[in-house]
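what would the 3D arrangement of this be:
(2 chains)
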Amino acid sequence: MGRFNSLEFGKQNAAAQTAVQNVPEAKLHGEKIKDAQYFIDAADKAFYCFDYEEALKLYSKALGIDGGAVPAWSGQAFSLINLEEYHEASMWLSKTIELVGESQPVLALLALTHARTGDFDRACGYADAALESVGNSPLPWIVRGEIFYYARRNAEHCFEQACGAAGHDWQTRCLIADTCLFCDRKKLAAMAVKFLHPMLELYPASPEIWLRLGRCHTVLGMAREATAALDQVSSLAPGLKILPKFYAEVKKIGLWNRLLGHFR
Amino acid sequence: MNCPHCGIFNLPHVVSCVKCGTALYTVLPDGFKPEPPRARHKRYLRHLFYRWRRHRGFSLNDGVAYTGVSSSVRKAVERVLPGKPAFVGARSRSSAAIRQSIDDSLDWFKEFPYLLLLFFLMGLVLPGLPQLFLNRPVRGRLLLIIYLVALLGMFICFGHWLFVWFVTAATLCQTISACDIANRAGRSFWVRLAGNLIISVIIFFVLGIAWQYCGNFYLRSYGEVFQATAYLRVPGIIPGDIVQGKRQQEYHIGDLVSFTSYSAVGEHGGYRTQMSFDRILATPGQKVEVRNNQIFINGNLSPSTVRPLNPDYSIPDMKLTLGKNQYFLCPSNYIRPIARVELQQIMHVVEENRVSYRLDRVIFPWWRRHLLTAEIK
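Predicted coordinates:
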C-alpha cells in the first residue's frame, strides 16, 4: 500500500482511501499481479492444452475475483462441454445468463451444447441468436460450422468466416481443429490440418498448435508425422499431462490406417 | 482497467475506482461459489445416444414453406432470453425472399393450435403423410412405404399367424408418426422421452385394439366363424384355420360340427367348457359298435379317416344305441394340459343341444380357402 499513499488526487472521497487491496510489497516489484485476467490467461493455457479440469479450477479462481468476467464463465462452460458434461454445461450457461446476462460466446456455447446432444432445432436457434448479438467473437461461426457439418452443409465456409474475425488468431484455429477432431471424421481432420498449417509459420513455438496437429495426424493414420509433432510439443512444453495419452493413441494406429496414411 | 463511471485508469488490483469509488469488479451474490456442477458418473449410454444423433444429423429445411423453429422451442428460448426476437432459424436465413413471402402467407397455418391435433389424426390414418407435408421426406416416405407394405401383408395374411406381425408393423408406423408430429422439442430430454413413451404406449395399444376390432368386424361379416386351435384334429382343417359355420335344424352323417364339450375336472375343481370341432359319425337312433378299435354304424364299418392324436389311445369297445337327441362323434382323443395338468378328453356321444354349428368352409387364410365337403356318408 505504500506507494499509493503518496499519490496526489486532491480531495477524494473516502472510498479512495480503501480502494487498494492489501497486496504484499514484494509482489508489486516484478511479479505478476494475480488478478482475474491472470487466472483467465492461465486457465486458457490449460484449456488449449486439453487440461480441462485444471482450466475449470483456474476459471473458478478468476470468477472469485471478478464475478462479471464473461471469458471465465464461458471458459468454464466450454470446458464442461469438452468433458462431455452437456447437461451441466447447459445448467451453468443458464446461470451465466442469469448473473451476467447474455453475450455472444455464451449463446454460441448454448448452441454448441444442444448441437452436441443432437437437439438441432434449439442449436440452430441459439446459433442464430449468437450471430445476431453484438460482438466479434469467432465462436458463433465455429459453432455454426459444426452445426452445418451435422446438417451436411458447407462447414468450411463457416470456419473461414470464423478465421476472418478480428484477433484470436491461433486460438480460433485451435478451436476449429478441436471441432473437427470432435466430429471424428478423417475428412474433417484433413480440414483441420489445412487450418492449422498457416499458424505454424506464424507461431512455431506454440505447443497448442503442434498438439492439435499431432492429433490430426493420428486420426489420419500418419504415425510418423504425428510422432514428430508430439515430439515438438514435448520439447516446447515438457511435462504436459495429456502428452502420454496422445503418444499412446499414435501407437494404437492400426496397420491398415498406417498404410493408408502413407498415401495421404 | 478504466472505471466504467468516470473513465479514469485504475491499476488491475484495485477493487473500486480510486476517484469515484465505483466498484470495478462484479461481485457475486453472497454464498455463491463459482464452481460449475459436475457429472457424478460417466453417462455412456447417453453419450452413445448423442453420438448416434450427431451421426444421423439433420436437414436444414430451406426449400419449403414451413420454416423456422417450432413454437415450443421459440417459447423456450424466449423464456431464457426475454426480449429476443423470435428466432427464424438457419432455414429462413438461407431461404430466398420468395420463400419468405410464402412463409408469411402460411404463418397462420403454423400457429394454428389445432394443427397438431389434425396432423395427429392424419397420422393415425396414414402415417408418413404429415411428415411429407412438414418436409421430412425421408422419414415420411419410409413410414409410408413400411405402412403400405404392412397393410398389404395384413390383407394377404389375414387369418394367418403372420397377420399379427403386420398389424404390429402398421401400428408401429402410426405410433412413430404420431410421436414425430407431437415432438415436444424445446423440453428437456427426459420430458420428451416420457412424453413420447406415454404417447406411444397409448397409441400403440389403442391402435392395436382398433385393428383387432376391425378384423373381428370383418370376420363377423361372414356370420359365425371359428378358429381351429392347435389341439383339434379334423380332416380338412389345420390349426389356425378360420372356419365359417352355419346353424342347422338337424345334422347329418359326415358333417363337421362345432360343439361345446366339457373338459375334465380342472386343477381347482369345476368344469371347463370349450368349443371343439368334430365329425358326426352317427345320428340319433343309429346303433354304434366299437370292436378292436374299429367303429361300426348299424353293422357297417365306418370309414373314418380320423385317428386319435394320442397314438396310445385305443377306442374302448362299446355297443350302444344313440338316443333321440344324441350324436356320435369321431373320437378324436387328445391330451390337453389344463392348469399344468394333462387331462385326457374322450368324446363319443354328445347331446344335440351342445352341437352349435355346422362347419361349411375354411375362409382364411386366403390360400386355404376351400369347402369342407363330407368325406363319409
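
show me the contacts for the residue nearest to residue A:135 when sequence neighbours are not counted.
Once flanking residues are discounted, residue A:135 sits nearest to residue A:104: 3.4 Å by C-beta to C-beta, 6 or more residues apart in numbering or on different chains. Placement of C-beta: from N, CA and C, glycine included. Residue A:104 makes contact with A:130, A:133, A:134, A:135, A:137, A:139, A:140, according to C-beta atoms under 8 Å, 6 or more residues apart in numbering or on different chains.

may I see the buried residues of stretch A:218-225?
The neighbour-count check on stretch A:218-225 (16 or more other C-beta atoms under 10 Å in any protein chain shown) flags A:218, A:219, A:220, A:221, A:222, A:223, A:225 as buried.

low-confidence stretches in the stretch 51-200 of chain B?
Within the stretch 51-200 of chain B, the stretches with pLDDT under 70 are B:60-125, B:183-185.

mind redoing it with 50?
B:62-69, B:81-115, B:118 (pLDDT under 50).

all helices of it, in order?
Using DSSP state H, counting those that start in this stretch, the helices of the stretch 51-200 of chain B run over residues B:71-80, B:89-94, B:97-105, B:107-111, B:115-125, B:129-133, B:137-156, B:162-181, B:189-220.

any idea how far stretch A:49-66 is from the chain center?
Stretch A:49-66 sits 12 Å away from the centroid of its parent chain (C-alpha atoms, centre = their mean, to the nearest Å).

contact partners of that stretch?
A:35-40, A:42-44, A:46-47, A:69, A:72-73, A:75-76, A:79-80, A:82-83, A:207-208, A:211, A:237, A:240-242, B:25-26, B:28, B:33-36.

just stretch B:194-214 next, same as before
B:124, B:167-168, B:170-172, B:174-176, B:178-179, B:182-184, B:187.

switch to 10 Å and redo it
With contact meaning C-beta atoms under 10 Å, 6 or more residues apart in numbering or on different chains, stretch B:194-214 is reached by B:120, B:123-124, B:154, B:163-164, B:166-168, B:170-184, B:187-188.

could you pull out the buried residues of it?
Per 16+ other C-beta under 10 Å, stretch B:194-214 contains these buried residues: B:196, B:199, B:200, B:203, B:204, B:207, B:208, B:211.

could you do stretch A:148-161 as well?
For stretch A:148-161, a neighbour-count test (16+ other C-beta under 10 Å) marks A:148, A:149, A:150, A:151, A:153, A:155, A:156, A:158, A:159, A:161 as buried.

sitting in strands, which of those do you find?
Among those, no member falls in strands (criterion: DSSP state E).

about what we covered before: grab the two from the contacts of residue A:104 that are most spread out in space.
Farthest pair in those (C-beta to C-beta) is A:134 and A:139. Separation: 13.7 Å.

as a markdown table, the buried residues of stretch A:148-161 with pLDDT and distance to chain B would be great.
As requested, the buried residues of stretch A:148-161 are exported to a markdown table (pLDDT from 0 to 100; distance: C-beta to the nearest C-beta, whole Å):
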| residue | pLDDT | distance to chain B |
| --- | --- | --- |
| A:148 | 87 | 8 |
| A:149 | 88 | 8 |
| A:150 | 88 | 4 |
| A:151 | 84 | 5 |
| A:153 | 80 | 7 |
| A:155 | 85 | 11 |
| A:156 | 86 | 16 |
| A:158 | 88 | 11 |
| A:159 | 89 | 16 |
| A:161 | 87 | 13 |
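
any low-confidence regions in chain A?
Applying pLDDT under 50 to chain A picks out residues A:1, A:10-23, A:25-26.

surely residue A:80 and residue B:37 touch.
Yes: using C-beta atoms under 10 Å, residue A:80 makes contact with residue B:37 at a distance of 8.6 Å.

with neighbour numbers in mind, choose between those two.
Neighbour totals were compared for residue A:80 and residue B:37, and residue A:80 leads with 26 against 13 (other C-beta atoms under 10 Å in any protein chain shown).

using PDB, write out the CA atom coordinates for stretch A:229-240.
This file holds the C-alpha atoms of stretch A:229-240, laid out as PDB (Å, rounded to 0.1, in the frame of the first residue of the first chain):
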ATOM      1  CA  ALA A 229       4.500 -33.100 -33.900                       C
ATOM      2  CA  LEU A 230       4.200 -34.600 -30.400                       C
ATOM      3  CA  ASP A 231       8.000 -34.600 -30.000                       C
ATOM      4  CA  GLN A 232       7.900 -30.900 -30.900                       C
ATOM      5  CA  VAL A 233       5.300 -30.400 -28.200                       C
ATOM      6  CA  SER A 234       7.400 -32.300 -25.600                       C
ATOM      7  CA  SER A 235      10.300 -30.000 -26.400                       C
ATOM      8  CA  LEU A 236       8.300 -26.800 -26.300                       C
ATOM      9  CA  ALA A 237       6.200 -27.700 -23.200                       C
ATOM     10  CA  PRO A 238       7.800 -30.500 -21.300                       C
ATOM     11  CA  GLY A 239       5.700 -32.200 -18.600                       C
ATOM     12  CA  LEU A 240       2.400 -31.800 -20.400                       C
END
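
which parts of that stretch are buried?
Applying 16+ other C-beta under 10 Å to stretch A:229-240 flags A:229, A:230, A:232, A:233, A:236, A:237, A:240 as buried.

next one: phi and psi at residue B:289?
Here is the backbone geometry of residue B:289 (degrees, to the nearest 10): phi -140, psi 140.

what's opposite it in the beta bridge?
Counting by DSSP bridges, residue B:289 is bridged to residue B:296, residue B:319.

and it, how many neighbours does it have?
Using other C-beta under 10 Å, residue B:289 has 16 other residues around it.

distance check, the residue nearest to residue A:135 against chain B.
Residue A:104 is 13 Å from chain B, where distance means C-beta to the nearest C-beta, to the nearest Å.

so what does that residue have for phi and psi?
With angles defined as degrees, to the nearest 10, residue A:104 sits at phi -60, psi -50.

hmm, back to that, just the buried residues of the contacts of stretch A:49-66.
Listed as buried from the contacts of stretch A:49-66 are A:35-40, A:42-44, A:46-47, A:69, A:72-73, A:75-76, A:79-80, A:82-83, A:207-208, A:211, A:237, A:240, B:25, B:28, B:34, B:36; burial here means 16+ other C-beta under 10 Å.

of those residues, which belong to strands?
Within the buried ones among the contacts of stretch A:49-66, no residue falls in strands by DSSP E.

helices - which of those residues land there?
The members of those that map onto helices under DSSP state H are A:36-40, A:42-44, A:46-47, A:72-73, A:75-76, A:79-80, A:82, A:207-208, A:211.

near chain B too, which of those?
Among those, proximity to chain B is found for A:36, A:37, A:38, A:72, A:73, A:76, A:79, A:80 (C-beta under 10 Å from any C-beta of the partner chain).

which residues in the stretch 251-377 of chain B form strands?
Under the criterion DSSP state E, counting those that start in this stretch, the stretch 251-377 of chain B contains strands at B:256-262, B:273-282, B:287-291, B:294-297, B:300-301, B:318-321, B:326-329, B:334-338, B:341-345, B:349-351, B:355-364, B:370-371.

most tightly surrounded among these?
Across those, averaging neighbours per residue (mean count of other C-beta atoms under 10 Å in any protein chain shown) puts strand B:326-329 on top, at a mean of 23.

ok so, going back, okay if I get the strands of the stretch 251-377 of chain B as TSV plus mean pLDDT?
Output for the strands of the stretch 251-377 of chain B, formatted as TSV (pLDDT from 0 to 100):
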stretch	mean pLDDT
strand B:256-262	73
strand B:273-282	74
strand B:287-291	84
strand B:294-297	82
strand B:300-301	82
strand B:318-321	84
strand B:326-329	83
strand B:334-338	49
strand B:341-345	47
strand B:349-351	79
strand B:355-364	85
strand B:370-371	83
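
mind listing what's buried along the helix or strand containing residue A:188?
Using DSSP states H and E, the element containing residue A:188 is helix A:186-202. Across helix A:186-202, burial judged by 16+ other C-beta under 10 Å covers A:186, A:188, A:189, A:191, A:192, A:193, A:194, A:195, A:196, A:199, A:200.
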